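Colleague: Got a sequence here, can you model it:
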Amino acid sequence: MVINHYKLKHQILSYNLSGMGCSAGLIAIDLAKQLLQVHSNSYALVVNTENMTSGWYLGNNRSMLLSNCLFRVGGAAILLSNISSDSHRSKYHLKHTVRTHKGSQDNCYNSVFQKEDEVSLSKDLMSSAGFALKENITTLGKYVLPSLEQFKFISSFVVKKVL
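Modeller: As a prediction, this is how the structure comes out:
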């Protein structure tokens with residue numbers, strides 16, 4: 001839609017990430033960052049939308065009714081650039097993107113699941129999300145924590161394992 005509206009050139013790369021829910025926006029930003037590392041003096045536009053009206057659940061199953069309350073209609077967009085002259089105009093600077101997943105573990109994989117008539121949320125959702133968040137923060141820590149804090153983390157980890 002954006003390409004057609006602005007009559008952009010045929011060299012434009014367009015990626016449609018659908019069926020991934022909320023994570024599609026973060027995956028798209030990570031993909032855009034990787035593309036900008038390869039293609040110099042370029043822009044990347046990430047447009048993210050979420051629309052639950054097509055999958056609205058009308059039944060009585062409680063695990064599936066919850067998604068009607070949590071997910072609605074929303075959208076966001078961001079324009080990323082690797083052009084040096086744009087750096088003084090930018091509001092933010094993207095430094096790190098970290099992606100982790102727990103799809104190989106059955107309880108995590110089945111915690112949010114698309115079924116024929118709607119999205120099902122299991123009782124393992126909170127523990128699975130907490131486990132994934134812990135791993136993500138641990139992975140991100142080596143990029144954003146100062147050396148002293150990394151040393152404290154590693155030493156406390158070793159002490160816990162030894163004792």
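
Colleague: buried residues in the helix or strand bottoming out on mean pLDDT in the chain?
Modeller: None of the helices or strands of the chain scores lower by mean pLDDT, DSSP states H and E than helix 62-70, at a mean of 76. Using 16 or more other CB atoms under 10 Å as the test for burial, helix 62-70 gives Ser63, Met64, Leu66, Ser67. From N, CA and C alone the C-beta is placed, and that goes for glycine too.

Colleague: Off-centre distance for whichever helix or strand comes after it?
Modeller: Counting by DSSP states H and E, the element after helix 62-70 in chain order, helix or strand, is strand 73-81. Strand 73-81 sits 13 Å away from the centroid of its parent chain (CA atoms, centre = their mean, to the nearest Å).

Colleague: after strand 73-81 comes which helix or strand?
Modeller: Downstream of strand 73-81, the first helix or strand assigned by DSSP H and E is helix 106-109.

Colleague: Tell me the helix or strand right after that next one.
Modeller: Next helix or strand after helix 106-109 toward the C-terminus (DSSP H and E): strand 112-114.
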